[in-house]
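**Student:** here are the coordinates; sequence isn't available:
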């Protein structure tokens with residue numbers, strides 16, 4: 001019996017380039033909302049951005065727009 005293992009995008013590591021983009025998007029959204037990155041709301045926005053990125057949204061502008069609509 002052979003075990004099947006499927007790797008989902010949310011299981012893949014985030015690399016430096018990924019984190020740079022995600023950080024830039026979070027900065028943009030926080031700046032537009034007048035938030036400090038250490039607030040709970042900013043943390044929620046960051047989580048949404050990461051989730052969207054792992055679901056395949058790789059464009060920074062789209063990530064920012066979608067993150068704003070989720071909140």
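**Tutor:** Ah, there it is. Keep in mind that this is a model prediction, so the values were computed, not measured. Numbers count the residues shown, from 1 in each chain.
**Student:** Just the pLDDT for residue 4.
**Tutor:** In this model, residue 4 is scored at 60, pLDDT.
**Student:** cool, and residue 48?
**Tutor:** On pLDDT, residue 48 comes in at 95.
**Student:** now residue 35
**Tutor:** Note on residue 35: pLDDT of 93.
**Student:** looking at it, it is touching residue 43, isn't it?
**Tutor:** No. Contact between residue 35 and residue 43 fails when scored by Cβ atoms under 8 Å: they sit 9.9 Å apart. Glycine gets a C-beta too; all of them are placed from N, C-alpha and C.
**Student:** quick one, which of these two is more surrounded?
**Tutor:** Remark: of residue 35 and residue 43, residue 35 carries more neighbours, 16 against 13, as counted by other Cβ atoms under 10 Å.
**Student:** From residue 32, how far out is residue 13?
**Tutor:** Residue 13 sits 29 Å away from residue 32, going by Cβ to Cβ, to the nearest Å.
**Student:** Which residue of these two possesses the greater neighbour count?
**Tutor:** The neighbour comparison of residue 13 against residue 32 (other Cβ under 10 Å) goes to residue 32, with 10 against 5.
**Student:** Assign a three-state SS to the residue nearest to that one when sequence neighbours are not counted, would you?
**Tutor:** Nearest residue to residue 32 in three dimensions, chain neighbours excluded: residue 68, at 7.6 Å (Cβ to Cβ, 6 or more residues apart in numbering). Three-state call for residue 68 (DSSP: H, G, I helix; E, B strand; the rest coil): helix.
**Student:** Please report how far residue 68 lies from residue 35.
**Tutor:** Using Cβ to Cβ, residue 68 is found at 12 Å from residue 35.
**Student:** list residues touching both of the two?
**Tutor:** Taking Cβ atoms under 8 Å, 6 or more residues apart in numbering as the contact rule, residue 68 and residue 35 both touch residue 29.
**Student:** Alright, calling it a day.
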